[in-house]
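Peer 1: from the sequence below, what's the structure:
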Amino acid sequence: REVFVAQELEGASFKELSAQWNVGVNTLLSRKRYAILHLRQRLQAAYAEWLEE
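Peer 2: From the prediction side, this is the model:
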């Protein structure tokens with residue numbers, strides 16, 4: 001989640017985050033991918049629930 005927020009909402013680059021958090025860019029990409037998949041699942045569940053109402 002932190003990677004997603006920092007990169008998408010705050011505009012930080014992966015290079016900046018990599019230096020700041022002392023982790024590799026590929027690690028950040030993987031974490032962002034996981035965050036997006038998790039967000040997608042939650043949105044799909046919320047949408048399905050909304051359709052049932």
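
Peer 1: for the lengthiest helix in the chain, which helices and strands make contact with it?
Peer 2: The longest helix of the chain (DSSP state H) is helix 25-52. Contacts defined by 3 or more C-beta pairs under 8 Å, 6 or more residues apart in numbering; DSSP states H and E place helix 25-52 against helix 2-4, helix 14-21. Every residue, glycine included, has its C-beta placed from N, CA and C.

Peer 1: tell me which of those sits nearest to Trp50.
Peer 2: For the helices and strands packed on helix 25-52, the distance to Trp50 is smallest for helix 2-4, at 22.7 Å, taking C-beta to C-beta.

Peer 1: give the buried residues for that closest one.
Peer 2: Of the residues in helix 2-4, Val3, Phe4 count as buried by neighbour count, 16 or more other C-beta atoms under 10 Å.

Peer 1: outside of it, which residues touch it?
Peer 2: Contact with helix 2-4 is made by Leu17, Leu28, Arg31, Lys32, Ala35, Ile36, Leu39, as judged by C-beta atoms under 8 Å, 6 or more residues apart in numbering.

Peer 1: which among those residues count as buried?
Peer 2: The neighbour-count criterion (16+ other C-beta under 10 Å) marks Leu17, Leu28, Arg31, Lys32, Ala35 among the contacts of helix 2-4 as buried.
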